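Q: this is a predicted model, with the sequence first.
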Amino acid sequence: MTELLSTETRGPLLDPLFRNGWTMVEDRDAITKTFIFDSFVAAFGWMTQVAIWAEKWNHHPEWSNVYRTVEVVLSTHDVGGLSAQDAKLARKMDSLLSVAS
Ligand SMILES: C[C@H](O)[C@H](O)[C@H]1CNC2=NC(N)=NC(=O)C2=N1
């Protein structure tokens, strides 16, 4: 079941992401990261791969794309803040980078 991250689980799940370029959104329980690719095709190809995982996990990003930049915000509206699903999708986004450039 999806639930809000507890105080104890935040560190272990979020600290590795903070070390990897993710930051907290101001005034909101959400994480954000800006990805910059070599080209629009690389950006869109990465988004396409992420979209397949998002559908599979029924957990979807808030994101926008301008040319080769993708701005991502992750949060779980169903619980009103961050859940383990957000950390999982963030890790997947980072791991898919290696095949996107
Ligand atoms: C109805 C549907 O299951 C929900 O809206 C799901 C879909 N994808 C979702 N994605 C995200 N990021 N947060 C959610 O709370 C969420 N909820």
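A: Thanks, I have it. The structure displayed is predicted, hence computed values, not measured ones. Numbers count the residues shown, from 1 in each chain.

Q: from Phe40, how far off is the spatially most central residue of the chain?
A: Centroid-nearest residue in the chain: Ala90, 3.4 Å away (criterion: Cα atoms, centre = their mean). Distance of Ala90 to Phe40, computed by Cβ to Cβ, to the nearest Å: 23 Å. Using the backbone N, CA and C atoms, a C-beta is placed for each residue, glycine as well.

Q: got it, and Thr32?
A: In terms of Cβ to Cβ, Thr32 sits 21 Å off from Phe40.

Q: ok, Leu96 next?
A: Taking Cβ to Cβ, one finds Leu96 at 17 Å from Phe40.

Q: which one's more surrounded, these two?
A: Leu96 (18 against 13; other Cβ atoms under 10 Å).

Q: which elements pack onto the longest helix belonging to the chain?
A: The residue-count maximum for a helix in the chain (DSSP state H) belongs to helix 40-57. Contacts defined by 3 or more Cβ pairs under 8 Å, 6 or more residues apart in numbering; DSSP states H and E place helix 40-57 against strand 62-66, strand 69-74, helix 84-96.
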